[in-house]
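K.L.:
Task: produce atomic coordinates for the following.
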Amino acid sequence: MADVMARSGVITSCGRRFTVCSHRGGGDGKPFVPGSLRFSSGSDFLGSSLAEKMSSAKSPPLKSSLQPVAAPSQQTQRTLGFVKAMKWWEKGIQPNMKEIESAEDLVESLTGAGDKLVIVDFFSPGCAGCRALHPKICQFAETNPDVLFLQINYEKHKSMCYSLNVHVLPFFRFYRGAQGRLCSFSCTNATIKKFKDAMAKHGTERCSLGPAKGLEESELLALGANKDLAFTYEGGSADKPETITEPSKELTPPAPKPSIAVTAWR
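P.N.:
Below you'll find the predicted structure:
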């Protein structure tokens, strides 16, 4: 058996042939021990050892087809943040609608409106009636571009609303020029006729004799006395009578009389 294997080759399952080189067993009955295996590279299939190919071959560096994603620009981030942070009272805003930030902002907006009709809208984010009425207010603002709409968030300005005697929502006040406050009322979608009637009555253009009045004197005093507000008001100096002082006249002393000499006759 040893002689046969020594003189023959073996074909492996992958088609390669190897030759067994061994020490032939003697007559002492020792078993056959193969000495070495020599592979032949006569076959074209896997012409060399797979391990040798894997160790010798240098694989090219992998190139990723993924391209780096550019970071969004600041304008895009601001736009996305604005869309995510938009509240219901910020939707549908028209150019003639403005949210009041402070008591001073309210006073300046009213006095700076001139002869325009100004509508102050008091609302609250948690007020269902305010939310339902908001789209219609935006429609009124769109169809009346000459009217100024001022929005006051009750939750942000509770102390200011308390000084202005606003205790029900939604609530509206109409102002115009030197006349000051024209009317004030509360209405919802069910009573929207109040708003339409007030717009028809006070929406016509007119010219005021004098500067815009804005808030009432009592309201200004209440805002100035409110310690929670950074607003000061010293009082209506315009109502005080002006004191007219005449220019002083220089008094000219009288001219001295000429002295008369008296001669005594003896």
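K.L.:
Show me where the stretch 101-250 of the chain has its strands.
P.N.:
With DSSP state E, counting those that start in this stretch applied, the stretch 101-250 of the chain shows strands at 117-123, 148-153, 171-176, 180-186, listed in chain order.
K.L.:
what is the rounded mean pLDDT of the last one?
P.N.:
Just to be clear, that refers to strand 180-186. What strand 180-186 shows for mean pLDDT is 96.
K.L.:
just the second one next, same as before
P.N.:
Per-region confidence: strand 148-153 scores 98 on mean pLDDT.
K.L.:
now swap in the first one and tell me
P.N.:
Along strand 117-123, the predicted local confidence has a mean pLDDT of 97.
K.L.:
go on, stretch 218-233?
P.N.:
pLDDT averaged over stretch 218-233 gives 94.
K.L.:
about what we covered before: buried deepest among the strands of the stretch 101-250 of the chain, which one?
P.N.:
Across those, averaging neighbours per residue (mean count of other Cβ atoms under 10 Å) puts strand 117-123 on top, at a mean of 24. Yep, even glycine has a C-beta here, placed from its N, CA and C like the rest.
K.L.:
elements contacting that one?
P.N.:
helix 103-111, helix 128-143, strand 148-153, strand 171-176 (3 or more Cβ pairs under 8 Å, 6 or more residues apart in numbering; DSSP states H and E).
K.L.:
Mind doing that once more with 7 Å?
P.N.:
Counting by 3 or more Cβ pairs under 7 Å, 6 or more residues apart in numbering; DSSP states H and E, the packing neighbours recorded for strand 117-123 are strand 148-153, strand 171-176.
K.L.:
and the gap between the closest residue to Phe140 other than its chain neighbours and Phe231?
P.N.:
Distances taken as Cβ to Cβ, 6 or more residues apart in numbering place Met199 nearest to Phe140, at 6.7 Å, with adjacent residues excluded. Met199 sits 30 Å away from Phe231, going by Cβ to Cβ, to the nearest Å.
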